[in-house]
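J.: Model the structure of this input:
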Amino acid sequence: MEWLWTMVYFFATAAVVYGDKYLDSVGDVLVTNVEDFIMTGSDANCSMKELCDTQVSIMTSLTSLASKDSVATVSTQASDLSAALSTQSVTTGNISASLTSHIANVNTSLTAQLQQALTTVAVNANNITKMAVVQQSNQAYISQLQSDVAAANNSIINTTNLLTQVVSCLRQGLTYGNDGCVPLTTASFATLCSAANAGLLRFDPTAGKLEVCTEQASKDYAFQALQTQTPSLVGTQAVPGHSCRHIRDSGATDSGTYWINGYGDVAAFQVYCDMSTSSGGWTYIARGTSQADSAVGDVSLDPTTAGIWHLSTSTIQAITQNKPYEIYIGHGLNGDIETSDDEESFRIQRLEAPFTFSAPMEAYYGWNGSTWLKSTQYAASSDRGPVWENADPANQCCERNGAGSWISCGPSTNGNEGQFSNLNNNQHLRCKADDTRQDGLIIFLRESPDEVARPGLTQARPGKSCKDIRERLYTTASGAYWIKPTNSPAFQVYCDMKNAGGGWTYVARGSSTSDSATGTVRADLDTKGIWHLSTSDIAAITGPAPYESYVAMGPGSDDIRDNTNINADEFVDVRVRQEQAPMSFAKAMFAYRGRTGSGWSAVGSTGSTNDRGPSWEPNDDANTCCQRDTFDNNAAVRDIQHPWTTCRKAPINLEGQFSNINLNGHLRCQSDSWVRDGLVIFVR
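T.: A predicted model of the protein is given here:
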C-alpha cells in the first residue's frame, strides 16, 4: 500500500510546488478515494471485509482441526479448509484484479486532471506574463506622461514668466530684450526689425495689437501683427467687462450685445459693442440727445433702431476713467434724416474733458487719416455735446470700408458747423451734405490706448519735454510728469498743460547766476526756494532757438519788497517771450520778442551787462506783459485753449530781470514787485 501513499504524496507535493488552488483540490480527491477504498468497503467486487471474513473462517477451521481426533473429522475439516483456501484464493484474486483496475482508473483520472491543471497553470502563467508586460508598458507610459506634464508645466511657468516680463515692459512703453526691458522710441520703430532681433515684440498703440519681428516671404524682416483669438467669458453677465474695449482686448471679435460694469463703478448692464470698426472695442452710448447729463430712455442694443436715448454722463465717465477717449459720430439707420448723402460719413474725435450732453464739447482733436488735429474754434454757448465749427482744422470726416477701417479721411467737404444735440434744430453731421436730423446721430466711444503708449506718466516711459507729453498724451491736466531731455536719468518736473495750449516745462525759480543745475528740481509750484535746471538740459528741452518762455511770480513767495497790488501779479501777470538765443542764467538775455497779443514785438535795446537771465528794459517794444485767460464760460472745456489775454506794454514801464543779482529780481507788470526767490520760468 506504500506506493499508493507515495502517489498521494507526489500529487500533493505537485500541488504545493505549482501553488495552484486547482492542484490542491486534485490532491484532496486522491486521498479521499484511497481512504474510501480501504476503509469503507464500498466496492462490491473488491472488498477487504470479505477477505477478513474468509481468514477468520480458515483460522476457525484450523483451530477446530487441531482439537479433533478422528480422521474423518480431520478429512472433513481438511476438505473444508481446502475449500476455504480455494475460496480465499479466488477472493484474493478478485480483490487484486479489482484493486488493480481501480488504481488504473484513478491514475487515468488523476493524470487527466493533472494535465488539465498544468494546462490551466500554463495559461494563467502566460496571462500573468502578458499582464506584467502590459503593466510594465503602462508604467513606462505613465512615467513618460508624468515627465511630459512636468515639462509642460515648466514650459507654461517659463512662458508665463516671460509674457509677464514682456507685458510689464510693454506697459512701460518699452520692449523686451535679453537684458530685460529695453527703451524703445517711436522714431526707431521702422529700423528695429532685422535678422539680428527676429522675435522682438512691440505694441502698436494705433491698432492696439502686439507685433513680432519676423522674416517675410521676400526674405526681408518686418513687424507683423500677432493674430490671436482667446476664448473668454469676459462680457457675460457672470463676468462683465469694464467696457467694450476691455471685452475686445479679452478676445471677443464679434459685434453684438455684451455686459459691462464700467470698471466696477456701476452695476453691470447690457450694451451694443462694435468690434469691427478701426480695431473694434467701441461702446454704443447715445442716439439723439435731450441735452441732459442724466440717462435718457432705455439702453438700445441695436444702432439701427430709431429713438432718442443715451447713457448718463456718470456712466460714460465710469467707462473712460478720467483718461483720454475716442468717439465716432455717424448717422444711425431708420431715423428722420433729410438727406442720405452722409450715411457713410463719420466724425472721429479724441477728447480729454469729461463727456457732457449739457455743454458744448469744443476742445477735441479730429482724425484726418494720419494724425490728430487740434480744434481751435469756440462753439456757440447754446450748443450741446460734441460740436464742430467751420474753418476749424479739426473739422474732419472719414468713411468706413468693408473691413471697418477708416478711409477717405479729410476736411469736411460741407465745412459748416454742427453738433450732436438737436437743440434749435441744429443736429447736423455735415460731412458731405447739409443734413438735419432730430433722432438719428449715434455715438460710439472707446478708451484711448493704454498707459503703455502714453509718455510722461512713469519713470520708465518719460517724455522729452512737457510739450512732447502734451501733444502725445492729449491731456490738459497740469501737474508732475516725467521727462528725459538728455541721456541722463529721467526726472519729474511740473508741466503747465493749460496756458496758451499747454506744454510748458517748469525750469527755474530764482537764480544763482550759474548755468549749472542749482538746488533740487521741483515738480510743484508751491515749494519755495531757489533752483533751476542746467542750461544744457533746458536747451535739450527747447531745441534750437527760437523757442517760447514765460516769466511769472510763483505762488507763496515770501521775499517780496513791494506788496502793492501783489495779488494781481502772483501767477496772473506773465511776461511771454520768444527767445532768440539759448537760455542762460550767467549773462543777460535781451535777444527776444515780447508777446503783444496778436504777434511778437522785437526788442529794441541791449540792456545792462550786469543783468543775468531773461531781462527787460523800459520803453522797449518787447517790454510787454500778458494775463492768463480768465473767462469762466464753460471753463472746464475751454482749458485746452486758455490763451494769453490783455497782452500790452507793461504798465510799470521799468527795467527788470529774472535774476536777483543786485537785488533786482523784478517782474514789474502791474506793481513794482521785488521778489528774490519767487520768479519762475517756463519754457516750450
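
J.: Now R648. Nearest residue, chain neighbours left out?
T.: T624 (6.3 Å; Cβ to Cβ, 6 or more residues apart in numbering). (Each C-beta comes from the backbone N, C-alpha and C, glycine too.)

J.: now do L654
T.: R668 (5.0 Å).

J.: ok, back up a step: please name the bridge partners of the residue nearest to R648.
T.: Assessed by DSSP bridges, T624 has beta-bridge partners K649.

J.: could you pull out the strands for the stretch 501-650 of the chain?
T.: 504-509, 531-532, 547-553, 573-579, 588-589, 592-595, 600-602, 613-616, 624-628, 644-649 (DSSP state E, counting those that start in this stretch).

J.: closest to F346 out of these?
T.: strand 504-509 (34.2 Å; Cβ to Cβ).

J.: Show me what counts as buried in that closest one.
T.: 504-509 (16 or more other Cβ atoms under 10 Å).

J.: Pick the one among those closest to P354.
T.: Closest to P354, out of all of the buried residues of strand 504-509 and judged by Cβ to Cβ, is W504, at 23.4 Å.

J.: isn't that closest one right up against V680?
T.: No. If you go by Cβ atoms under 8 Å, W504 and V680 don't touch, sitting 10.4 Å apart.

J.: Tell me how far S314 lies from T257.
T.: Using Cβ to Cβ, to the nearest Å, S314 is found at 22 Å from T257.

J.: neighbour count winner among these two?
T.: S314 (15 against 12; other Cβ atoms under 10 Å).

J.: which residues sit in contact with that one?
T.: 266, 293 (Cβ atoms under 8 Å, 6 or more residues apart in numbering).

J.: That one - that's part of a strand, no?
T.: No. Using DSSP: H, G, I helix; E, B strand; the rest coil, the assignment for S314 is helix, not a strand.

J.: and it, how far is that from A292?
T.: 12 Å.

J.: So which residues of the stretch 301-450 of the chain form strands?
T.: For the stretch 301-450 of the chain, the strands defined by DSSP E, counting those that start in this stretch cover 309-310, 325-331, 345-351, 360-361, 364-367, 372-374, 385-388, 396-400, 406-411, 418-419, 441-447.

J.: and the direction of the last one versus that of strand 325-331, what angle?
T.: Going by axes from the mean of the first three to the mean of the last three Cα atoms, to 10 degrees, strand 441-447 is angled at 160 degrees with respect to strand 325-331.

J.: just the helices in the stretch 401-550 of the chain please.
T.: Counting by DSSP state H, counting those that start in this stretch, one finds helices in the stretch 401-550 of the chain at the ranges 466-473, 535-542.

J.: Dump those helices to TSV, plus mean neighbour count, distance to E617 and mean pLDDT.
T.: As requested, these are arranged in TSV below (neighbours: other Cβ atoms under 10 Å; distance: least, Cβ to Cβ, whole Å; pLDDT from 0 to 100):
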stretch	mean neighbour count	distance to E617	mean pLDDT
helix 466-473	23	29	82
helix 535-542	21	22	95
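
J.: pretty sure I407 contacts E399?
T.: Yes. Counting by Cβ under 8 Å, I407 sits close enough to E399 to count as a contact (5.4 Å).

J.: Which one's more surrounded, those two?
T.: E399 (15 against 10).

J.: For that one, report the pLDDT, please.
T.: Note on E399: pLDDT of 92.

J.: Next one, pLDDT for the nearest residue to it once chain neighbours are set aside please.
T.: Leaving aside its chain neighbours, E399 sits nearest to S408 (4.5 Å; criterion: Cβ to Cβ, 6+ apart). pLDDT for S408: 92.

J.: what residues are up against S408?
T.: Contact partners of S408, counting by Cβ under 8 Å, 6+ apart, are 369, 398-399.

J.: What is the nearest of the residues you listed to L201?
T.: G369 (27.1 Å).

J.: okay but the closest one is in contact with S405, surely?
T.: No. At 10.2 Å, G369 does not count as touching S405 under the criterion of Cβ under 8 Å.
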